[in-house]
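Novice: Return a 3D structure for these sequence lines:
(one chain, ligands or ions: 1)
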Amino acid sequence: MLRSNLKIKLPIHETFQNTVQGEGFWTGALADFIRLAGCPVRCPWCDTGYANGGKSLPSEARAISELLAELQSPRAVITGGEPFIHSDLPELVGALLDAGKQVSIETSGACWQDVSPACWITLSPKEHVNPKYPVQEIFWQRANEIKLVISTGEEVDFYSKYLQDRSHIPVFLQPEWSVKERAVPIILELLKQHPSYRLSLQTHKFIGVQ
Ligand code: SF4
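Specialist: Residues are numbered from 1 along each chain as shown. The predicted structure follows:
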């Protein structure tokens, strides 16, 4: 059976197409987004509606073929919620790669599934927000980029022992949107101490796209 004909159990909250990746390494690249429901981490400032675990957000199980038919861009970004809480995530990634898509996953690193090494992983750790959900060790090796959401600036110190040996992958400092006026100057100071790090802005919010 073709992988694309599989019924998957992934709860899809929403998809949106023909937009751009607004953050991190692939900023400005055309992308479609697949937003999966559910996240246990419960960051108080979550901007995707998962601060309460996302239980009240609508979602439905979808066939991979249906999902593929909706996609229009070269890159599919799987986000959430927390994509790695779903055991069918590797099947979804495999089907997208089989269909010729570039695949990115955005994660807090709280759970791991054995996804293809061909997919790009953006690790945005939230262990400092909720220590009940520490980053799984494998992500510090496997991540293709690290994105720290900066609110106070203490986030860099919190993860410093993991960041020390990660000079081969990009590290982005991104202001938490609700306090960006305070966070941007903090980031500019942090960049002086860590000149290999880069500023990431949520450019999609500045240009008013999803
Ligand atoms: S880990 Fe991400 S999706 Fe989950 S609550 Fe925090 S910001 Fe929201």
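Novice: what about the longest strand in the protein?
Specialist: Ranked by residue count under DSSP state E, the longest strand found in the chain is strand 7-20.
Novice: how about the helices in the chain?
Specialist: 64-70, 89-98, 137-142, 154-158, 160-163, 180-193, 203-207 (DSSP state H).
Novice: can you put these in JSON lines and add mean pLDDT and distance to the ligand?
Specialist: The C-beta positions use only the backbone N, C-alpha and C, and glycine is treated the same way. Compiled in JSON lines, those are given as follows (pLDDT from 0 to 100; distance: least, C-beta to the nearest ligand atom, whole Å):
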{"stretch": "helix 64-70", "mean pLDDT": "87", "distance to the ligand": "20"}
{"stretch": "helix 89-98", "mean pLDDT": "94", "distance to the ligand": "15"}
{"stretch": "helix 137-142", "mean pLDDT": "95", "distance to the ligand": "13"}
{"stretch": "helix 154-158", "mean pLDDT": "96", "distance to the ligand": "13"}
{"stretch": "helix 160-163", "mean pLDDT": "92", "distance to the ligand": "17"}
{"stretch": "helix 180-193", "mean pLDDT": "96", "distance to the ligand": "15"}
{"stretch": "helix 203-207", "mean pLDDT": "85", "distance to the ligand": "15"}
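Novice: which stretch among these comes nearest W26?
Specialist: W26 sits nearest to helix 203-207 of all those, at 11.1 Å, using C-beta to C-beta.
Novice: Please identify the buried residues of the closest one?
Specialist: H204 (16 or more other C-beta atoms under 10 Å).
Novice: hmm, who's touching it?
Specialist: 19-23, 27-28, 177, 210 (C-beta atoms under 8 Å, 6 or more residues apart in numbering).
Novice: Mind doing that once more with 6 Å?
Specialist: 22, 27 (C-beta atoms under 6 Å, 6 or more residues apart in numbering).
Novice: Restrict that helix to CA atoms and write it as CSV.
Specialist: Output of helix 203-207 as CSV, limited to C-alpha atoms (Å, rounded to 0.1, in the frame of the first residue of the first chain):
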residue,chain,number,x,y,z
THR,A,203,8.5,38.3,10.3
HIS,A,204,5.1,36.8,9.3
LYS,A,205,3.5,38.8,12.1
PHE,A,206,5.2,42.0,10.9
ILE,A,207,3.8,41.5,7.4
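Novice: In this structure R75 contacts D32, no?
Specialist: No - R75 lies out of contact with D32 (C-beta atoms under 6 Å); the separation is 7.3 Å.
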